[in-house]
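[1] This is a predicted model, with the sequence first.
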Amino acid sequence: MKVDVMTQIGAVNREVSERRHEGKTRRVVSASRSFATSPEDLWEAITKPDRLARWFGDVSGNLSLGGSFQIKNNAKGEVLECEPPEKLAVTWKMFGDVSWVHAHVSPSSSGGTILRVEHILSRSLFDRLYWRWYGAGAAGLGWELWLLGLEAYSGSGADVTEELERWRLSDEGKQYLQRATHDWGRAEIAHGEREVKAMKRAARTCAFYSKLPAH
């Protein structure tokens, strides 16, 4: 898998924000980018299990309103909103914690399609400790890598899951991780976090994803 690191880094918009959700103020980590395909095609790529398996992972269940899903070796949840081909909102249950993920699909001015993924964090004890150590990049980088996989899949139609994992551990992949985690740290700073704290979190996230010891 060959990736133009700087082009792909620049293709992603990263944002850290807060909003009221289910009666509480919660942190929101958002990643978005444009794809050279139609909204209808992109919607199928993020909701059809046979297509999800080629870039995201093995997903069982029913991704329609009221349905539930299980990602192999990952999260499970229920579908709260489903408005094809524009919005999918689900609960995200993992490690005994519940958060929420919203996917927004919209046409881009360039003629392609924008996918924006918002992960609304629960602010439970687990999330507070997790955020304190890794910051926004822990969730944000995971979604960003999935979006990179979706970009590779959209361009070829082939299964890219194993290739993407090998690439992530390559020198080029680690270069990408360093740049991306740095930019997630900058997104925290833009939201008001102190630079030293945000950059330390970014370094820990990079070390975790690249399986290198943290410095």
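    Right, received. Where do you want to start? As the structure is a prediction and not an experimental result, all values here were calculated from the model.

[2] Which pLDDT value goes with residue 3?
    Per-residue confidence (pLDDT) for residue 3: 88.

[3] do the same with residue 111
    On the pLDDT scale, residue 111 gets 89.

[4] Distance-wise, check it relative to residue 27.
    33 Å (C-beta to C-beta, to the nearest Å). To be clear about C-beta, it is placed using only N, CA and C from the backbone, and glycine gets the same treatment.

[5] Which one's more surrounded, the two?
    residue 27 (23 against 9; other C-beta atoms under 10 Å).

[6] What residues are bridge-paired with that one?
    residue 18 (DSSP bridges).

[7] what sits against residue 115?
    Taking C-beta atoms under 8 Å, 6 or more residues apart in numbering as the criterion, residue 115 is in contact with 32, 33, 35, 42, 46, 103, 104, 105, 147, 150.

[8] Now for those: which two are most distant?
    Greatest spacing in the contacts of residue 115, by C-beta to C-beta: 104 and 150 (14.2 Å).

[9] which stretches of the chain form helices?
    Assigned by DSSP state H, the helices in the chain fall at 5-11, 39-47, 49-52, 125-134, 137-156, 161-168, 171-190, 195-210.

[10] what's the first one in contact with?
    Same thing as helix 5-11. So helix 5-11 is contacted by 33, 34, 148, 151, 172, 175, 176, 179, 180, 183 (C-beta under 8 Å, 6+ apart).

[11] re earlier: out of the contacts of residue 115, which is nearest to residue 211?
    For the contacts of residue 115, the residue nearest residue 211 by C-beta to C-beta is residue 147; the value is 21.1 Å.

[12] What sits closest to the closest one if chain neighbours are left out?
    residue 33 (5.4 Å; C-beta to C-beta, 6 or more residues apart in numbering).

[13] pretty sure the one you found contacts residue 42?
    No - assessed by C-beta atoms under 8 Å, residue 33 is found out of contact with residue 42, at 11.1 Å.

[14] How much space separates the closest residue in space to residue 48 that isn't next to it in sequence from residue 117?
    Closest residue to residue 48 apart from its sequence neighbours, by C-beta to C-beta, 6+ apart: residue 63 at 8.0 Å. Residue 63 sits 15 Å away from residue 117, going by C-beta to C-beta.

[15] Those two: which is more packed in?
    Neighbours were counted for residue 63 and for residue 117 using other C-beta under 10 Å; residue 117 has more, 22 against 17.

[16] That one pairs with what?
    Assigned bridge partners for residue 117, using DSSP bridges, are residue 31, residue 103.

[17] For it, give me its contacts.
    By C-beta under 8 Å, 6+ apart, the neighbours of residue 117 are 30, 31, 32, 101, 102, 103, 104, 143, 147.

[18] Residue 183 too?
    Taking C-beta under 8 Å, 6+ apart, we find residue 183 in contact with 9, 12, 14.

[19] Would you reformat the residues you listed as JSON lines and include pLDDT, distance to residue 162 and neighbour count?
    As requested, those are exported to JSON lines (pLDDT from 0 to 100; distance: C-beta to C-beta, whole Å; neighbours: other C-beta atoms under 10 Å):
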{"residue": "9", "pLDDT": "97", "distance to residue 162": "23", "neighbour count": "19"}
{"residue": "12", "pLDDT": "98", "distance to residue 162": "22", "neighbour count": "19"}
{"residue": "14", "pLDDT": "98", "distance to residue 162": "26", "neighbour count": "24"}
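
[20] Great, nothing more from me.
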